[in-house]
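K.L.:
what's the 3D shape of this:
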Amino acid sequence: MNTNDDKFQESLKFVATHYEHGAFSSGNAWRKLMCGNRFDWKRKIAAAAVVCVVLAASAFLYTTLKPIDDKPQKVENSKVEKITPDLQNPISTARLEFTDAPLDEVVKCIEDTYGVKISGIPEEKIKLTLSYEGTADDIVETINDTLQINLVIEKEDTKLSTDK
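P.N.:
Take a look at the predicted model:
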């Protein structure tokens, strides 16, 4: 016999002497596998439940105890600010800033800054927040496009409309 046959015979003798009935049963193997992992699954489920509780508590605390600075604050007072001085010239550029300002105040500021008269102000109360640098025609056109209204710049006997 050659060496391979010798090794095979030796392995066969080992299996024959150590063989036990049911030792290689697939049913026993599955039982051992499931019993060994049963504790692991319980531990994993418990850990997942703890994580869910912690996340839910964190979300609750974050939404209810959020710092005051994170909450949007309402602007109580309107603000109209001229960055450049009065120009008294509708084709000159000026920088104007409006923060939650009523449209009446915005129009008055434009009239004072550029020396123009604006008509077509709607009756309803409209507030505007805008930072703008440009000419009177440009700012009125921007306001008209933004608010879907029809303000008209009047100057001497001529009406300059920004309608398209």
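
K.L.:
quick one: mean pLDDT over stretch 130-139.
P.N.:
Average pLDDT, stretch 130-139: 84.

K.L.:
could you do stretch 148-163 as well?
P.N.:
68.

K.L.:
what of stretch 95-102?
P.N.:
Computed over stretch 95-102, the average pLDDT equals 86.

K.L.:
beta partners for R95?
P.N.:
E133 (DSSP bridges).

K.L.:
just checking, it touches E133?
P.N.:
Yes. Assessed by CB atoms under 8 Å, R95 is found in contact with E133 at 4.2 Å. Quick note: C-beta positions are derived from backbone N, CA and C, even for glycine.

K.L.:
can you give me the pLDDT of L12?
P.N.:
84.

K.L.:
CA atoms of the strand or helix carrying it as PDB?
P.N.:
L12 is part of helix 3-18 when elements are defined by DSSP states H and E. Only the C-alpha atoms of helix 3-18 are listed here, as PDB (Å, rounded to 0.1, in the frame of the first residue of the first chain):
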ATOM      1  CA  THR A   3       1.100   6.400   1.900                       C
ATOM      2  CA  ASN A   4      -2.400   7.700   0.900                       C
ATOM      3  CA  ASP A   5      -4.000   4.300   1.600                       C
ATOM      4  CA  ASP A   6      -2.200   4.200   5.000                       C
ATOM      5  CA  LYS A   7      -3.500   7.600   6.000                       C
ATOM      6  CA  PHE A   8      -7.000   6.600   4.900                       C
ATOM      7  CA  GLN A   9      -6.900   3.400   6.900                       C
ATOM      8  CA  GLU A  10      -5.600   5.300   9.900                       C
ATOM      9  CA  SER A  11      -8.400   7.900   9.600                       C
ATOM     10  CA  LEU A  12     -11.000   5.100   9.200                       C
ATOM     11  CA  LYS A  13      -9.800   3.400  12.400                       C
ATOM     12  CA  PHE A  14      -9.900   6.700  14.300                       C
ATOM     13  CA  VAL A  15     -13.500   7.400  13.200                       C
ATOM     14  CA  ALA A  16     -14.600   3.800  14.000                       C
ATOM     15  CA  THR A  17     -13.100   3.900  17.500                       C
ATOM     16  CA  HIS A  18     -14.500   7.400  18.400                       C
END
